[in-house]
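Undergrad: Provided below for reference: sequence and predicted model.
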Number of protein chains: 2
Amino acid sequence: MTTALTETLQPETPEAADEVKHVNHLDGIFSPKSIAVLGVTPTPNTVPYDIFYNILSSGFRGTVYPVAPGKRSICAVRAYRYVLDIEDDIDQAVIVFPADVVDRALEQCGKKGIKSAIVISAGFREVGPKGVKREQRLKDICKEYGISMIGPNCLGVLNTDPNVLLNASFARKMPSAGRIAFLSQSGALCTAVLDYARAKRIGFSKFVSFGNKAGATEIELFDYLHNDDQTDIILLYLEELRNGRGLIEAARRITRGDNPKPILAIKSGRTAQGADAAASHTGSLAGEDAVCDAVFQEAGIIRVGSIEELFNTAILYTYQPMPAGDRLGIVTNAGGPGVMATDAAIYAGLSVPRLTDATINRLKGPLPAAANMKNPVDVIGDARVDRYTAALEAVLEDSNIDQALVILTPQSMTDIDAIAKGMCDIHEKAKKPVSCSFMGAADVKSGIDLLQKSRIPHYVLPEWACEAMSNIQQIRRWREQPDAELQPLPVDRRAVEAVIDQAPAGYLDENDALTVLDAYGLPVPPYKLCTTPDEAVEFAEQIGYPVVLRVVSPQIIHKSEAKGVTLNLIDADAVRGAFNRMQRHIAEVLPEAEIHGMLVRGMIPDGYEVILGAKRDPIFGPTLMFGLGGIYVSLFKDVTFGLAPVDQATAARMVHQVKACQLLKGARGGVRADIESIQECLVRVGQLISDFDRIIELDVNPLIAGSAEVGNAVADVRIRLSD
Amino acid sequence: MTTALTETLQPETPEAADEVKHVNHLDGIFSPKSIAVLGVTPTPNTVPYDIFYNILSSGFRGTVYPVAPGKRSICAVRAYRYVLDIEDDIDQAVIVFPADVVDRALEQCGKKGIKSAIVISAGFREVGPKGVKREQRLKDICKEYGISMIGPNCLGVLNTDPNVLLNASFARKMPSAGRIAFLSQSGALCTAVLDYARAKRIGFSKFVSFGNKAGATEIELFDYLHNDDQTDIILLYLEELRNGRGLIEAARRITRGDNPKPILAIKSGRTAQGADAAASHTGSLAGEDAVCDAVFQEAGIIRVGSIEELFNTAILYTYQPMPAGDRLGIVTNAGGPGVMATDAAIYAGLSVPRLTDATINRLKGPLPAAANMKNPVDVIGDARVDRYTAALEAVLEDSNIDQALVILTPQSMTDIDAIAKGMCDIHEKAKKPVSCSFMGAADVKSGIDLLQKSRIPHYVLPEWACEAMSNIQQIRRWREQPDAELQPLPVDRRAVEAVIDQAPAGYLDENDALTVLDAYGLPVPPYKLCTTPDEAVEFAEQIGYPVVLRVVSPQIIHKSEAKGVTLNLIDADAVRGAFNRMQRHIAEVLPEAEIHGMLVRGMIPDGYEVILGAKRDPIFGPTLMFGLGGIYVSLFKDVTFGLAPVDQATAARMVHQVKACQLLKGARGGVRADIESIQECLVRVGQLISDFDRIIELDVNPLIAGSAEVGNAVADVRIRLSD
């Protein structure tokens, strides 16, 4: 049995995801009334046996049928030779046959009318070309018979719903019930997560290992879980994104609106070498990971760094109410950890405000004079439950405080269990979130267990509590953020079609590229493709000197190197001379170059160099990039990303989140750029790449950004088309 | 009993630390033959009782005497009314009397000839002015009688040396013996740390809570532990630094050289609010924390972020050999965690190289075909101990690998304990470091315990292992770094003395400031303070036009606002005119201003704007700052710090670690600055502030840095003197 996911998968096109719609029969995956397990063997401690045994012994409310050719019974349950032999209707098939016969088993399931299947067996695309073929065969069968499939190459599915109680997996034990759904692309990670969660009394609603996701992917599972009454939050471990756009759209539906459920995700393969280890993509992904970050943010998916952070956040969300704001009150019996927690809170973007005078006065009664009554409230090392209770109650009732963190170190006077019970009592009545950090391990164990039983989030380190609280703030802000209002700006779409429809793959020539930008309302200064010196002079006279001449030829990409550019032409003679000289020179050195003419352009006024980039990402579709030209982009990586198309608000975020934006605002005595019109340019570039699928790359580099009087001007542009 | 450290302490002058030398009698603190406990009471579960009971019951090899006025015995041990009544010699006093009588008790100890004392009692400087006075009294007594003191306001001292076995603290249990010394300013944190460490089987050599550090500070303790055979590594939790320079010097002695011992430190109060909570300093410390970072780095102190990271690193260091390099081999039975570990390793600055072909071939025997034989080595989910053993042995013997990380997830076939034993067997013979991450909690518990018993570092998350390995690399690089070679450059010290000795507190005038820089060899272009127009013209003719005139007056700080600067004077008439005009203007608008004359300076050529800053930090003494002028410093905080004086190598590090240094190297088509001479300027500024205590601030802002042909030039400077 292999659950490794170090496969070499090619990213699929977004259309591929639409191939099969699985959502209809996911109910049969999670809540079947009858299950056939195909390929059961009678040997304990093997996957084929364990799966059947787990379903049988997990308290499953329905009926389970073993399909085990040649066996009379498994675990004393009557066995069948073929699934077609079963006399009753079957909702779900779990297939554990060796890889080479899974297709035949699945086909029989189709014939039997089974609409939901979990394929545990490994040996598919993760093992190379032969497996890829096998996997395609499963997809075809699913399509033919309308089967919703989980897997292959997965651990299986668990559902703690008391009306179902399904452990269709080879995980050793059933987790307890809870409000958290966990989805994982790695089966092996699931076993660690279940073990970890059990020790912390963390329960699950649904638990899914989706393996190679040849059938249902995280996207269909999201939609299913969105409607699942027993799930409040969705956790995801992902190694490989295939349909980023679909993921984002699903996430946006789910994480906002009437029935919002947060999605927290670990996306591994952040570094090129990590991605290499995942081997789910090829080539350098370092840049794309930054895009992934930005895009998750726009989709409302909280990207976390570790399993610990994933669950630390999930328990805070599911156990506690949503805080009204970011203001944290700390109660501690130890100064040092109080200081460390304050540091961590500030780093995490929370605030640790002073308590009101009323609260401070109120604390003077129960606390000794040496106690710190501000925030953190230090109840001092010899504090027992009475002081903790008085302090936490006062802090929670303080109007300056949105949530509380209680820190305890086990000192000789500390009545740990009593304090834990005291915190539980307050927490039951409290309308604000309470978290605890009982520091240490052995001495505090029983106290921690009391907290966990009462569903008070407990953190080994106060720093982790702050990290989780910070993620909750992100969830809150995301929900409060107004909806994006995408109102397409009026553009001349036809003009762009005229250029693009007849252009070959590769870079557009400069004239065409400028025509495209112009049609989409970007500030392109006057330009004209001229075929004779006279035409060039005429246009130059019209726009006024000085002008620039630039050769236009599909064979000449680097114009300067080919001496295809002449700057600062101040009169008709200069234009004429340059036109003839350049034409002659190119005819001599590049006789094969086909010259379309000379582009006449005005000189661009001074201003800030701004880069507007657009790229069609194979995973996320059209994305936008913004930054200031020069060292800011290259050295400080001071850029922001967005998902095209963008509305004005997103464009504003992209521009303002760049640190060098201070320059545009006139820092250091410079002129103030017209930031609103830069934002509009970003919106227009986003609209352009979204409207035309053939544009795979577009760089306005630079856009010269001037003051509101001077305005912006496209100085240079490159547009690359696909076939 | 209070152990809170939320006191309001004033930073002391460095000299204060020299007041009492405690190092002589620290042996009496850690390894006494006889102890008197002063202030014992007969009530269990109180600090005064617990301390005595802990010494008595910890297996202490010497003799302990309770001093308990009015009691015949404590725990059946004969008690004394006064310490002076004890008939035998006493090495150590532990004082647990209430704060108001501690001074008298300590004085009696002095009279008794006791040279080492631990004052547990609280109620000193942490409670305000009255306590500060009490604490000063203790210091005075220590000085008078030559007593080495730990505390007051502390948890106490533990020594696990089997020849001593001392628990002179109110910590509940004695930790096991180990090679780690732990020093903490927070007593409350100690209890959490001891509890945490016990659960992870982490042992200690010495464990010290030093509280208010009125006697011995971390510095004396460092020196003691440096010579302690039983200590390999020193861990420190610090809230408040008083003598930063002393700390650094001690750390440099200890962390390098013949008998190097790493120091890992948590310094809390990183944020202004955290510092406020610590209340150990006043005012904004946000900037100074960056200095603290840099200075710790220069001192070889590894600054860590959490208790978890502190011990994660300490166990790796004490349990395992030092790796030869940063190349990590990963063995895992789960693809997902392998990817996450790879990501984490790369982020932490480690490398995860491909294994040699020989190793890959060797792995083909024991591992199944579906296994990944590169790095991470994925032994696949159904791996049992044989595969793990074969893989780890091969990885450790690979010449591309310096250290290994073994990841395990508890799958149904996984024989966890057998694998743990297998890893222990290999580890015993291995010459390269091995770490493990058995992921989960309950199922892996017994396996983890086996690893911990065999002193294999275990990490809940693979990410933490990588973080610890990265810290070990820092230790290794620090030791390999060549010694700083501080060779003072030839300077004209007398000339500076002549200026500074007669200057009042505050800013030097421009002429004096330039004189000072000039005397220390900084590139000051020609200048002269002229009192008449004729003198100005004469000097201008001598240096060549154009020149600048700048008024010099102690009353005029902002010259431009007072129209006290005229630029670009191109001939004698212009100089004469400007001189008279400025003089007239100032006499009119600022009649009280005393005009020393006009400074005539040449125009400064073009170049990069570079800032050389120097500041006398109250904690760290003279520090240096380097950055590129403009947005790089203000917006990107792209600056580096150093501890003055600096050698060439440190100056080079400071210049090169600034990201914008790429500009100086000629990135983006600019000229290449003469970086070596900028470094020399930094060395000279460092030498200057180190040589003259009265300089509290010095900013060369900007130094104009040109190419090697053009050279550098001081454009502007401000020097501030203390009284």
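TA: Now that the structure is in, tell me what you want to look at. Numbers count the residues shown, from 1 in each chain, chains lettered A, B, ... in the order given.

Undergrad: helix, strand, or coil at A:V551?
TA: Per DSSP: H, G, I helix; E, B strand; the rest coil, the local secondary structure of A:V551 is strand.

Undergrad: skipping its backbone neighbours, what lies nearest it in space?
TA: Computed as C-beta to C-beta, 6 or more residues apart in numbering or on different chains, the closest residue to A:V551 that is not its neighbour in sequence is A:G564, at 3.6 Å. All C-beta spots, glycine's among them, are computed from the backbone N, C-alpha and C.

Undergrad: now do the contacts for the one you found.
TA: Taking C-beta atoms under 8 Å, 6 or more residues apart in numbering or on different chains, we find A:G564 in contact with A:R550, A:V551, A:S553, A:I556, A:M582, A:I586.

Undergrad: which residue in those residues has the weakest pLDDT?
TA: Lowest pLDDT within these is found at A:I556 (84).

Undergrad: look up how far A:L590 lies from the closest residue to that residue other than its chain neighbours.
TA: Spatial nearest neighbour of A:I556, chain neighbours left out: A:A562 (5.0 Å); criterion: C-beta to C-beta, 6+ apart. Going from A:A562 to A:L590 by C-beta to C-beta, to the nearest Å gives 6 Å.

Undergrad: distance between the ends of stretch A:654-674?
TA: One end of stretch A:654-674 sits 15 Å from the other (C-alpha to C-alpha, to the nearest Å).

Undergrad: which bits of the stretch 101-250 of chain A sit near chain B?
TA: Contact residues, the stretch 101-250 of chain A versus chain B (C-beta under 8 Å from any C-beta of the partner chain): A:122-123, A:126-127, A:170-172, A:184-189, A:191-196, A:198-200, A:237, A:239.

Undergrad: show me the residues you listed that map onto helices.
TA: Counted as lying in helices by DSSP state H, out of these, are A:G187, A:A188, A:L189, A:T191, A:A192, A:V193, A:L194, A:D195, A:Y196, A:R198, A:A199.

Undergrad: buried subset of those, written for ChimeraX?
TA: Selection of buried members from these for ChimeraX, criterion 16 or more other C-beta atoms under 10 Å in any protein chain shown:
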select /A:187,188,189,191,192,193,194,195,196,198
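
Undergrad: low-confidence stretches in chain A?
TA: Scanning chain A with the threshold set as pLDDT under 70 gives A:1-24, A:277-288.

Undergrad: let's check: the centremost residue of it is which one?
TA: Geometric centre of chain A, nearest residue: A:F296, 2.9 Å, by C-alpha atoms, centre = their mean.

Undergrad: hang on, it packs against A:D289?
TA: No. Using C-beta atoms under 8 Å, A:F296 is not in contact with A:D289; the gap is 10.5 Å.

Undergrad: look up phi and psi at A:D50.
TA: Torsion angles at A:D50 (phi, psi; degrees, to the nearest 10) stand at phi -60, psi -40.

Undergrad: swap in A:S73?
TA: Backbone torsions of A:S73, given as degrees, to the nearest 10, read phi -150, psi 160.

Undergrad: quick one: the helices in the stretch 151-300 of chain A?
TA: Using DSSP state H, counting those that start in this stretch, the helices of the stretch 151-300 of chain A run over residues A:187-199, A:218-226, A:244-255, A:272-278, A:286-299.

Undergrad: quick check: buried residues in the last one?
TA: The one in question is helix A:286-299. A:E288, A:D289, A:A290, A:V291, A:C292, A:A294, A:V295, A:F296, A:Q297, A:E298, A:A299.

Undergrad: what is the nearest of those to chain B?
TA: A:D289 (9.4 Å; C-beta to the nearest C-beta).

Undergrad: wait, the closest one touches A:R270, no?
TA: Yes. At 5.1 Å, A:D289 and A:R270 qualify as touching, with contact defined as C-beta under 8 Å.

Undergrad: most neighbours, which of the contacts of A:G564?
TA: Neighbour counts for these, by other C-beta atoms under 10 Å in any protein chain shown, peak at A:V551, which reaches 25 neighbours.

Undergrad: from chain B, how far off is A:E107?
TA: Here the distance between A:E107 and chain B works out to 25 Å (C-beta to the nearest C-beta, to the nearest Å).

Undergrad: right, I mislabeled it, should have said A:F60
TA: Distance of A:F60 to chain B, computed by C-beta to the nearest C-beta: 19 Å.

Undergrad: what's near enough to touch A:E463?
TA: With contact set as C-beta under 8 Å, 6+ apart, A:E463 has these partners: A:M340, A:A341, A:A344, B:G305, B:S306.
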